[in-house]
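Enquirer: The sequence and its predicted three-dimensional model are supplied below.
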Amino acid sequence: MGNRGMEDLIPLINKLQDAFSTIGQTCNLDLPQIAVVGGQSAGKSSVLENFVGRDFLPRGSGIVTRRPLILQLVNSKVEYAEFLHCKGRKFVDFDEVRLEIEAETDRITGSNKGISSIPINLRVYSPNVLNLTLIDLPGMTKVAVGDQPQDIEHQIREMLMQFITKESCLILAVTPANTDLANSDALKISKEVDPQGLRTIGVITKLDLMDEGTDARDILENKLLPLRRGYIGVVNRSQKDIDGKKDIRAALAAERKFFLSHPGYRHIAERMGTPHLQKTLNQQLTNHIRDTLPGLRSKLQSQVLSLEKEVEEYKNFRPDDPTRKTKALLQMVQQFGVDFEKCIEGSGDQVDTSNLSGGAKINRIFHERFPFELVKMEFDEKELRREISYAIKNIHGVRTGLFTPDLAFEAIVKKQIIKLKDPCLKCVDLVVTELVTLIRKCTEKLGSYPRLREETERIVTTYVRERDSKTKDQVLLLIDIELSYINTNHEDFIGFANAQQRTAANATKKRVMPNQVIRRGWLTINISIMKGGSKDYWFVLTAESLSWYKDEEEKEKKYMLPLDNLKLRDVEKGFMSSKHVFAIFNTEQRNVYKDLRQIELACDTQEDVDSWKASFLRAGVYPEKDQPESEDAMNPSDTVSMDPQLERQVETIRNLVDSYIGIVNKSIRDLMPKTIMHLMINSAKDFIHSELLAYLYSAGDQGSLMEESPEQAQRRDEMLRMYHALKEALVLIGDITTTTISTPVPPPVDDHWIAKDPSPPPASRPAPATAAPPSRPPGVRGPTPGPPPPLNPSPAFGIPPVPSRPPGQAAYAGDPNSGVTPLVPSRPARVPPALPPGIPSRRPPAAPNRPTVMRPSEPSLLD
């Protein structure tokens with residue numbers, strides 16, 4: 001394999017696999033590996049057992065392998081097995097290994113025939129194995145049996161695809177020889193993900209069970225269905241041998257004997273059998289790992305960089321430091337305070353681009369939700385006029401008043417100011433809800449210590465609730481202050497003289513800046529399917545109109561709706577609709593759009609609806625009022641007719657109330673955010689920075705407070721283990737890359753035939769025979785005369801060129817397209833190879849003492 005560095009490649013990948021399996025993730029790193037695929041009872045498990053030389057895999061009929069088994073073979077002087085889920089326990093008895101595999105499989109999949117993609121990691125140390133890592137996958141099946149789900153075939157296929165679709169995975173396609181190769185499940189699924197056959201290694205099992213007179217020579221010689229890496233034949237133990245506890249070493253000897261004695265496989269016996277398969281897989285996996293090292297190294301580097309951020313969180317957790325809990329507590333509390341303040345004040349780092357949160361939501365409450373709640377209280381005109389007329393009449397009593405009574409104005413104003421309490425208290429509740437959500441979000445970073453997180457959340461939330469009551473008291477005090485003195489000398493108050501001069505048109509004038517664009521955005525107009533269906537338009541809201549266009553370029557205007565006499569109305573969300581809806585209608589019962597009395601506008605979220613409503617309020621479009629049920633029963637004389645003098649007095653007080661309530665609303669809108677910020681939000685920030693630590697110390701024992709959750713401790717240990725494993729892997733890969741021989745290793749198996757045979761030195765070459773049979777094909781070399789051939793003869797076909805061929809040996813290439821099946825002679829005649837006409841000979845020049853007896857017989861071979 002080149003040098004020691006190359007021999008470390010497979011153990012390195014094993015270490016990475018263990019690290020990732022322990023953490024339960026692969027770190028998005030596709031490690032080079034060999035996946036064993038094949039149909040049920042194709043002999044996959046027997047091949048793996050032959051590698052180890054032990055019986056250790058579950059056996060039976062139907063589907064036996066129901067979870068992927070990552071089998072790591074490690075060459076060692078001592079023989080034992082280890083499971084990743086049983087760390088520290090060494091299995092010397094391989095029957096216990098089988099029972100453990102069955103128990104671990106049932107633990108995840110149950111006792112039925114279900115499957116799971118969670119792998120079992122088994123490492124076998126033995127002097128009889130080469131370093132090798134394989135993944136034994138469930139055998140492909142067609143029909144569900146027992147309690148298996150009906151889509152078992154699809155489940156197994158999906159599991160296989162998870163492994164073999166990766167370019168870094170070699171595929172060991174196991175096919176029994178007693179079935180038609182064209183119907184091989186393993187080759188079919190391999191062809192789908194590897195159409196060129198570059199990653200597939202074919203294994204043909206059950207060669208001894210083929211019908212008499214047939215063989216798989218064309219398959220093994222890579223002629224029938226060629227693969228880039230070729231095929232290797234093996235003979236496993238029969239069920240009778242397994243039941244009789246036949247030793248695997250004896251089975252391997254029988255396998256060797258089978259290939260040497262079978263006339264169809266004798267010439268390729270050196271390239272067949274389990275030992276050769278194991279050696280080939282070791283070589284090809286090593287070469288494959290070496291080829292993927294550059295990409296693997298870059299992925300490792302990127303993973304280390306991404307893990308460094310997470311590992312940074314754990315830098316203060318040193319078990320050998322007695323003060324680490326105190327340090328961690330101080331840092332956690334300080335970080336919590338910083339995060340809370342950043343969420344309130346805003347920050348440029350880690351900006352949420354999908355939703356409003358923290359200070360932005362509180363700002364929306366202050367400047368959109370709260371003004372909207374105030375405007376929703378906009379008094380009903382008929383109701384207000386009726387109350388004013390009643391107040392005037394009750395103040396005058398039995399007399400007919402000549403002047404407008406200021407006590408009526410004061411009574412009406414105070415009644416309207418009292419109504420401000422509900423929206424103000426609702427504003428405080430909204431802010432408290434948002435603060436509690438913010439506290440819960442900021443304590444997520446304390447998740448490593450459940451007790452600390454729980455206590456911190458409880459202490460800060462309790463403090464916010466305490467400030468909630470104080471803030472509400474202060475808000476109610478503001479309302480009481482407004483009620484205590486009606487300041488009619490305010491500079492913005494219109495006074496009695498101006499109120500009498502105002503006309504009704506001036507009193508109802510709502511817009512000061514015409515043509516001012518208030519808002520733009522997308523909305524959906526909900527229309528029935530019969531009238532065209534719902535469509536999205538680009539809306540532009542100004543101080544005078546609502547227009548909508550085809551798109552945001554605002555070139556193609558669809559409609560413009562004046563805002564006069566328009567009001568808003570809430571609409572319940574439809575059963576099948578995911579959008580939130582509100583409606584616009586005309587108070588004079590006129591059509592708003594085409595033949596529609598109201599148009600329904602839909603938004604994706606309730607927050608968008610509230611925001612649009614606030615924008616409509618700025619444009620003077622107010623929400624609909626709930627009319628009292630008793631309105632119909634009122635006396636018509638109370639609402640319709642009144643004397644002209646009383647009507648003038650009502651109009652005057654109406655204007656005065658409108659002016660003064662505007663002043664109060666302006667003052668409350670200004671003071672509410674300031675009050676909440678001072679008494680609640682800023683106070684909470686100060687409490688976190690100055691008093692939270694003292695409350696935590698008094699809450700209980702520091703040791704129990706800083707006790708880590710088992711999950712977090714395990715996650716930290718595993719994360720650190722993975723981080724160090726990745727760093728070590730980078731060092732190992734760097735060493736291997738710099739110390740490995742850079743000469744490219746030729747492919748293990750080629751697509752075409754290259755016949756080779758080492759020639760003995762000239763001095764020891766025996767005298768060749770003088771004749772050759774006419775039926776002998778050219779390019780075939782027979783065994784040397786004399787003693788019988790050794791047990792492991794040199795291969796005649798398909799051996800890749802070896803860079804370090806010993807001196808004195810030469811290779812002769814036969815005709816790859818001759819199509820002549822090579823034969824093994826039964827006589828000890830030595831016939832030198834002959835080449836077809838037109839092909840130059842690669843024979844080295846004859847030595848001075850080389851016999852030339854064969855020269856006269858060569859023309860007879862070419863005739």
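Expert: Yep, it's here.
Enquirer: now the strand or helix carrying residue 525: mean pLDDT?
Expert: Using DSSP states H and E, residue 525 maps to strand 517-526. Averaging pLDDT along strand 517-526 yields 86.
Enquirer: How is residue 708 classified with respect to secondary structure?
Expert: Three-state call for residue 708 (DSSP: H, G, I helix; E, B strand; the rest coil): coil.
Enquirer: wait, doesn't it sit right on residue 447?
Expert: No: look at residue 708 against residue 447 with C-beta atoms under 8 Å: they stay out of range, at 10.1 Å. For the C-beta atoms, the positions are set from N, CA and C on the backbone; glycine is no exception.
Enquirer: More neighbours: these two, which one.
Expert: Set side by side, residue 708 and residue 447 show more neighbours around residue 708, with 18 against 12, by other C-beta atoms under 10 Å.
Enquirer: Quick one: residues contacting that one.
Expert: 448-449, 716 (C-beta atoms under 8 Å, 6 or more residues apart in numbering).
Enquirer: Likewise for residue 675?
Expert: 471, 474-475, 478.
Enquirer: Can you tell me which of those residues has the most neighbours?
Expert: That'd be residue 471 among the contacts of residue 675, by other C-beta under 10 Å, with 25 neighbours.
Enquirer: Please tell me how far the helix or strand hosting that one is from the chain's geometric centre.
Expert: Residue 471 belongs to helix 450-484 when assigned by DSSP H and E. Centroid separation for helix 450-484 versus its chain: 41 Å, with C-alpha atoms, centre = their mean, to the nearest Å.
Enquirer: Quick check: mean pLDDT of it?
Expert: 91.
Enquirer: For residue 396, see how far away the spatially closest residue to residue 178 that is not a sequence neighbour is.
Expert: Once flanking residues are discounted, residue 178 sits nearest to residue 209: 4.8 Å by C-beta to C-beta, 6 or more residues apart in numbering. Residue 209 is 119 Å from residue 396, where distance means C-beta to C-beta, to the nearest Å.
Enquirer: Looking at those two, which is more packed in?
Expert: Comparing residue 209 with residue 396 by other C-beta under 10 Å, the one with more neighbours is residue 396, at 16 against 12.
Enquirer: close enough to count as contact, that one and residue 407?
Expert: No: counting by C-beta under 8 Å, residue 396 stays clear of residue 407, with 10.2 Å between them.
Enquirer: ok, back up a step: just checking, what packs against the helix or strand just after the strand holding residue 525?
Expert: Downstream of strand 517-526, the first helix or strand assigned by DSSP H and E is strand 535-542. Packed against strand 535-542 by the contact rule (3 or more C-beta pairs under 8 Å, 6 or more residues apart in numbering; DSSP states H and E) you find strand 517-526, strand 545-549.
Enquirer: now, of those strands, which is deepest in the fold?
Expert: strand 545-549 (a mean of 20; mean count of other C-beta atoms under 10 Å).
Enquirer: what angle sits between that strand and strand 535-542?
Expert: In terms of direction (axes from the mean of the first three to the mean of the last three C-alpha atoms, to 10 degrees), strand 545-549 departs from strand 535-542 by 140 degrees.
Enquirer: where along the stretch 351-500 of the chain do the strands fall?
Expert: Counting by DSSP state E, counting those that start in this stretch, no segments of the stretch 351-500 of the chain form strands.
Enquirer: Can you list the low-confidence ranges for it?
Expert: 351, 353, 377-381, 398, 400-404, 496-500 (pLDDT under 70).
Enquirer: How about the stretch 101-250 of the chain?
Expert: Applying pLDDT under 70 to the stretch 101-250 of the chain flags residues 111-113, 146-148.
Enquirer: ok so, going back, in TSV, list the helices and strands packed on strand 535-542 along with distance to residue 283.
Expert: Listed next are those as TSV, based on distance: least, C-beta to C-beta, whole Å:
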stretch	distance to residue 283
strand 517-526	63
strand 545-549	70
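Enquirer: what's the closest of those to residue 57?
Expert: Residue 57 sits nearest to strand 517-526 of all these, at 61.8 Å, using C-beta to C-beta.
Enquirer: Kindly export the closest one (C-alpha atoms) in CSV.
Expert: Presented in CSV, the C-alpha positions along strand 517-526 are these (Å, rounded to 0.1, in the frame of the first residue of the first chain):
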residue,chain,number,x,y,z
VAL,A,517,-49.0,59.3,1.1
ILE,A,518,-49.6,57.5,4.4
ARG,A,519,-48.8,53.9,3.4
ARG,A,520,-48.1,51.5,0.5
GLY,A,521,-48.2,47.7,0.4
TRP,A,522,-49.8,44.6,-0.9
LEU,A,523,-53.3,43.6,0.1
THR,A,524,-55.8,40.9,-1.2
ILE,A,525,-59.3,41.9,-2.2
ASN,A,526,-61.7,39.1,-1.3
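Enquirer: Which secondary structure state is assigned to the closest residue to residue 133 other than its chain neighbours?
Expert: Among residues not flanking residue 133 along the chain, residue 72 sits closest, at 4.9 Å (C-beta to C-beta, 6+ apart). Under three-state DSSP, the three-state class of residue 72 is strand.
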